[in-house]
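# Compute the structure for the input listed below.
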Amino acid sequence: MPRYSIAMIGKLTGGWGGTTPEGLALIEVGGVGYAVRTPLPALLALQASTPTNLSLFIHTAVRDDAIDLYGFPTLEELSFFKQLMSVSGIGPKTALNVMSGAEVATLKQAIASGDAAKLTKVFGIGKKSAERMVVELRDKLADEISLAGGSMASGTDSEVIEALMALGYRTDEARGALKEISKIFPAEASVHEKLAGALKYLGPTLKAS
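As a prediction, the model looks like this:
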């Protein structure tokens, strides 16, 4: 089979174009409508607001017979989506279904606490998948939660940490960078400002994800 060079899409910014017959979101960019799979809460929010200008962070999944786009309103959601896909036996469609059942913070808390039963009974995740999530992600997510001294980091700090992790930095690297830039940036600084400062601090150590 011949190999083709695929241009990966990392982000789409455009207008709301409705949905496809299959229920995918249509994002209109430069006269082209991109069909994007999104978590159900995000899709419902888009349908309700019909924004003329929106942005989705994209994961491009390339298969032999198709190229699928998965879109998320925030980097935190994209990062969690990738974490779910790192679990053995969980592909992008399963990960998306998991994220359609509850907010990211709630799912993280359930996994970090080792509550596979809750994942199965409350969120409808298969027993084996729930158990694998707990085994393979529990420590990672517990580490994230501990960043704020035992609770999930909130506000701009949380978004900066998730953005850095999505770019391939380890949790301890993201935490260290945030600690350093907090000496320079005020607490009310924007996500963009803090992220730019953290990337400047971490730049020389960036690793390919």
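# So what sits opposite residue 12 in the bridge?
Per DSSP bridges, the residues bridged to residue 12 are residue 56.
# got a list of what it touches?
Contacts here follow CB atoms under 8 Å, 6 or more residues apart in numbering; on that basis residue 12 touches 27, 29, 34, 36, 55-56, 58, 69, 71. C-betas here are computed from N, CA, C, even on glycine.
# Now, those that are in strands?
27, 29, 34, 36, 55-56, 58, 69, 71 (DSSP state E).
# Ranking by neighbours, what's the top pick from these?
For the ones in strands among the contacts of residue 12, counting by other CB atoms under 10 Å, the largest number of neighbours falls to residue 71: 29 neighbours.
# doesn't residue 29 make contact with that one?
No. At 11.8 Å, residue 71 does not count as touching residue 29 under the criterion of CB atoms under 8 Å.
# For this structure, which helix extends over the most residues?
Identified as the longest helix of the chain according to DSSP state H is helix 127-145.
# Enumerate every residue touching the residue nearest in space to the middle of the chain.
Centroid-nearest residue in the chain, with CA atoms, centre = their mean: residue 78, separated by 1.6 Å. Going by CB under 8 Å, 6+ apart, residue 78 touches 57-59, 72, 166.
# try 7 Å
57, 59, 72, 166 (CB atoms under 7 Å, 6 or more residues apart in numbering).
# State the mean pLDDT of the helix or strand containing it.
Per DSSP states H and E: residue 78 is located in helix 75-85. Across helix 75-85, pLDDT averages out at 93.
# chain center to that helix, what's the gap?
In terms of CA atoms, centre = their mean, to the nearest Å, the centre of helix 75-85 is found 3 Å from the chain centre.
# And the next helix or strand past that helix?
Once helix 75-85 ends, the next helix or strand along the chain (criterion: DSSP H and E) is helix 92-99.
# you'd agree residue 173 is up against residue 201?
No. Residue 173 is beyond contact range of residue 201, at 9.7 Å (criterion: CB atoms under 7 Å).
# what's the spacing between residue 161 and residue 179?
11 Å (CB to CB, to the nearest Å).
# Which one of these two is surrounded by more residues?
Of the pair residue 161 and residue 179, residue 161 is the one with more neighbours under other CB under 10 Å, namely 27 against 11.
# helix/strand/coil for residue 15?
Following DSSP: H, G, I helix; E, B strand; the rest coil, we place residue 15 in the strand state.
# how many other residues sit next to it?
Using other CB under 10 Å, residue 15 has 14 neighbouring residues.
# Apart from its neighbours in sequence, what residue is nearest it?
Take residue 15 and drop its neighbours on the chain: the residue closest to it by CB to CB, 6 or more residues apart in numbering is residue 28, 4.6 Å away.
# what's the answer for residue 13, then?
Residue 13 sits nearest to residue 55 (CB to CB, 6+ apart), 4.4 Å away.
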